[in-house]
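Asker: Pasting the sequence and the predicted model now:
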Amino acid sequence: MALDLFAELSVSDYPGVLAWYERLLGGPPVMYPNDIEAVFELAEHRYLVVEHRPDHAGHGQVTIFAEDFDERIEAITGRGVEASERETYDNGVRKVIYRDPDGNEIGFGGAPAE
């Protein structure tokens, strides 16, 4: 069975925040289904949707577990996006949290460092 995942985050300043997401995710949206949504492809059949919904902005939370964690975090830093928090759990799993201008949390998790 094929399955696509669309995780959505609501924002208040849609045009203004798109550049931030492009820096965070490393490229532009793959599609604009309408005037208030931008869709970023994270991996095949896995998408992050940024939607202009001011009344809901700032309450979202998404975590993306990435096999290429170290390289991805380094690339994000290189594009000028600063992490809000960094965590390492008791089992060694790592998480770096970014917050968009509305306060939505986008976390990247990675396996324990070798």
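Answerer: Now that the structure is in, tell me what you want to look at.

Asker: Low-confidence ranges, this protein, go.
Answerer: Scanning the chain for pLDDT under 70 picks out nothing.

Asker: One more pass at 90, please.
Answerer: 1-4, 113-114 (pLDDT under 90).

Asker: Okay, strands next: where are they in it?
Answerer: 5-11, 31-34, 37-43, 46-52, 61-65, 85-88, 94-99, 105-110 (DSSP state E).

Asker: Tell me which of those lies nearest to Arg23.
Answerer: strand 94-99 (9.9 Å; C-beta to C-beta). Where you see a C-beta, it was placed from the backbone N, CA and C, and this is true even at glycine.

Asker: Show me which positions of that closest one end up buried.
Answerer: Arg94, Lys95, Val96, Ile97, Tyr98 (16 or more other C-beta atoms under 10 Å).

Asker: can you list those in JSON lines and add distance to Pro54?
Answerer: Formatted as JSON lines, the buried residues of strand 94-99 follow (distance: C-beta to C-beta, whole Å):
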{"residue": "Arg94", "distance to Pro54": "33"}
{"residue": "Lys95", "distance to Pro54": "28"}
{"residue": "Val96", "distance to Pro54": "27"}
{"residue": "Ile97", "distance to Pro54": "23"}
{"residue": "Tyr98", "distance to Pro54": "21"}
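
Asker: For stretch 31-39, list the C-alpha coordinates in CSV.
Answerer: C-alpha atoms of stretch 31-39 as CSV (Å, rounded to 0.1, in the frame of the first residue of the first chain):
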residue,chain,number,x,y,z
MET,A,31,4.4,22.9,-5.3
TYR,A,32,1.9,25.6,-4.4
PRO,A,33,-1.5,23.9,-4.3
ASN,A,34,-3.3,27.2,-3.8
ASP,A,35,-2.6,30.8,-2.7
ILE,A,36,-2.1,29.9,1.0
GLU,A,37,0.0,26.7,0.9
ALA,A,38,3.6,25.8,0.0
VAL,A,39,4.6,22.2,0.0
